[in-house]
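Undergrad: For reference, the sequence and a predicted model appear below.
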Amino acid sequence: MEPISEGAYRVLLADANEDVLVSVKGFLRDRGPEFDVRLSTDVDGAVEAVAEGNVDCVVSGEKVEDGSGINLLREMRAESEVPFVLFLGDLSSERAKEAIEAGATDYVGMTLAEFVAAVEDPGREQPDILANRVRKIVDRERARTSYREIFDKANDAIFVEDPKTGDILDVNRRMCEMHGYTRDEALDLNVRDVSADNGGFTPEEALENLETAMEEGSHVFEWKNVTKNGKEFWVEVSLKRATIGGNERILAIVRDISEQKERERRLKESEEKFRALVEQSLVGIYVVKDGVFDYVNPRFAEIVGESVDDLVGESPLQYVATEEDREMMRENIRKRERGEVDSIRYSFTAVTADGEKKELEVHGTRIELPDGPAIAGALVDRDEL
């Protein structure tokens with residue numbers, strides 16, 4: 001027996017006539033070792049073979065023992081979606097409709113015995129319809145299965161939605177994990193059922209987002225979803241207009257950003273606390289960038305007799321009383337901007353806006369801001385120490 005090649009087409013042939021099955025098996029095997037063919041003459045044997053999970057496609061004649069090909073198809077469809085090619089014997093509209101309604105993947109308007117006769121008759125040119133159909137059907141099913149696997153392995157939740165009604169038509173595994181529903185439960189939902197209903201997150205606005213995506217082709221926004229047990233959480237939603245199965249749909253990719261939102265909240269809270277601490281400090285706080293004040297707190301402005309707004313953008317050198325101190329400050333700023341030293345502490349004589357001279361002490365250090373290096377420091381009036 002020849003070894004089965006990787007990616008083989010595993011075909012189950014079913015028909016009441018075993019001689020016909022052997023002939024069809026021979027035709028398929030002549031096409032190459034990629035065809036792995038099994039035979040069954042009765043309904044129970046065929047159903048059992050498919051249940052074992054080693055069949056890529058079923059090809060059935062019009063009749064099998066204990067029933068018809070249609071009966072076999074119905075039995076299989078109760079448990080499996082394996083592709084099914086049915087040889088009907090004729091192509092009357094009633095027969096074709098019955099095959100389609102029963103779940104046939106494809107059908108042929110002759111019996112398997114007629115197919116064998118056509119292939120064996122040297123006077124007739126019979127195209128290799130069966131081998132080609134099996135290849136195409138199995139390849140298409142494998143592609144669909146592969147896409148489904150990718151769909152289910154995605155790290156983000158994915159919804160397929162009806163843009164008109166908001167009904168959820170399909171979801172992946174991550175959607176179920178994120179929202180606490182089984183897939184069957186999710187398919188009974190509408191986008192309104194997974195949207196928080198408070199503040200700016202209303203069911204009506206959820207449907208408006210679908211309309212925007214249909215009009216513009218895509219729409220990205222932050223939203224609040226809700227789980228089956230009522231827990232609200234932040235998500236980033238990316239809506240895409242798509243054509244699936246010939247129908248206009250919305251593909252929604254949903255990412256849980258709850259942790260990101262919590263980090264942002266904590267950062268904002270920390271910044272507010274830091275700003276309150278700096279703004280109310282009894283020590284003058286400043287940031288110098290590119291040789292000018294980028295920030296000063298109210299206490300700093302009070303010490304030099306200026307307003308905060310007037311100081312920002314000004315050079316600190318203009319508040320130094322002597323040329324000697326100016327040169328010292330200029331050199332200290334240069335060293336820290338170039339990274340030659342990290343921090344310096346020194347005293348100098350300052351002149352305030354109204355001409356008063358003060359002995360000030362400054363402790364400044366090099367810092368890195370998002371837009372480049374700067375100097376941050378503290379300033380105290382030595383006379384108040």
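TA: Nice, I can see it. Bear in mind the structure is a predicted one, so any value in this text is a computation, not a measurement.
Undergrad: Which parts of the stretch 201-350 of the chain are strands?
TA: Listed in chain order, the strands of the stretch 201-350 of the chain (DSSP state E, counting those that start in this stretch) span 218-226, 232-244, 247-256, 284-289, 292-296, 343-351.
Undergrad: Out of the ones you listed, the one nearest residue 264 is which?
TA: strand 232-244 (9.6 Å; C-beta to C-beta). C-beta: built from backbone N, CA, C; applies to glycine.
Undergrad: What helices and strands are in contact with that closest one?
TA: helix 203-216, strand 218-226, strand 247-256, helix 258-279 (3 or more C-beta pairs under 8 Å, 6 or more residues apart in numbering; DSSP states H and E).
Undergrad: can I get those in JSON lines with mean pLDDT?
TA: Formatted as JSON lines, the entries for the helices and strands packed on strand 232-244 read as follows, by pLDDT from 0 to 100:
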{"stretch": "helix 203-216", "mean pLDDT": "91"}
{"stretch": "strand 218-226", "mean pLDDT": "94"}
{"stretch": "strand 247-256", "mean pLDDT": "94"}
{"stretch": "helix 258-279", "mean pLDDT": "90"}
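Undergrad: out of everything not next to it in sequence, what's closest to residue 162?
TA: residue 169 (6.0 Å; C-beta to C-beta, 6 or more residues apart in numbering).
Undergrad: That neighbour falls within a strand, correct?
TA: Yes. Applying DSSP: H, G, I helix; E, B strand; the rest coil, one finds residue 169 inside a strand.
Undergrad: That one contacts residue 247, doesn't it?
TA: No. Judged on C-beta atoms under 8 Å, residue 169 makes no contact with residue 247 at a distance of 9.0 Å.
Undergrad: of these two, who's got more company?
TA: Between residue 169 and residue 247, counting by other C-beta atoms under 10 Å, residue 169 is the more crowded of the two (16 against 11).
Undergrad: tell me the contacts of that one?
TA: With contact taken as C-beta atoms under 8 Å, 6 or more residues apart in numbering, residue 169 is in contact with 160-162, 187, 249.
Undergrad: For residue 154, see how far away the residue lying closest to residue 165 once chain neighbours are set aside is.
TA: Nearest non-adjacent residue to residue 165, counting by C-beta to C-beta, 6+ apart: residue 190, 7.1 Å away. For residue 190, the distance to residue 154 (C-beta to C-beta, to the nearest Å) stands at 22 Å.
Undergrad: Likewise for residue 222?
TA: Residue 222 is 20 Å from residue 154, by C-beta to C-beta.
Undergrad: Over to residue 185?
TA: 19 Å.
Undergrad: now swap in residue 53 and tell me
TA: For residue 53, the distance to residue 154 - C-beta to C-beta - is 25 Å.
Undergrad: how about the helices in the protein?
TA: For the chain, the helices defined by DSSP state H occupy 18-30, 43-51, 69-77, 93-102, 112-120, 129-153, 173-179, 183-186, 203-216, 258-279, 298-304, 308-311, 323-337.
Undergrad: Just send those helices back as CSV, with mean neighbour count and distance to residue 384 too.
TA: Listed next are the helices of the chain as CSV, based on neighbours: other C-beta atoms under 10 Å; distance: least, C-beta to C-beta, whole Å:
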stretch, mean neighbour count, distance to residue 384
helix 18-30, 17, 99
helix 43-51, 18, 90
helix 69-77, 21, 90
helix 93-102, 14, 93
helix 112-120, 18, 105
helix 129-153, 14, 66
helix 173-179, 19, 59
helix 183-186, 14, 68
helix 203-216, 16, 57
helix 258-279, 11, 19
helix 298-304, 20, 9
helix 308-311, 14, 20
helix 323-337, 15, 19
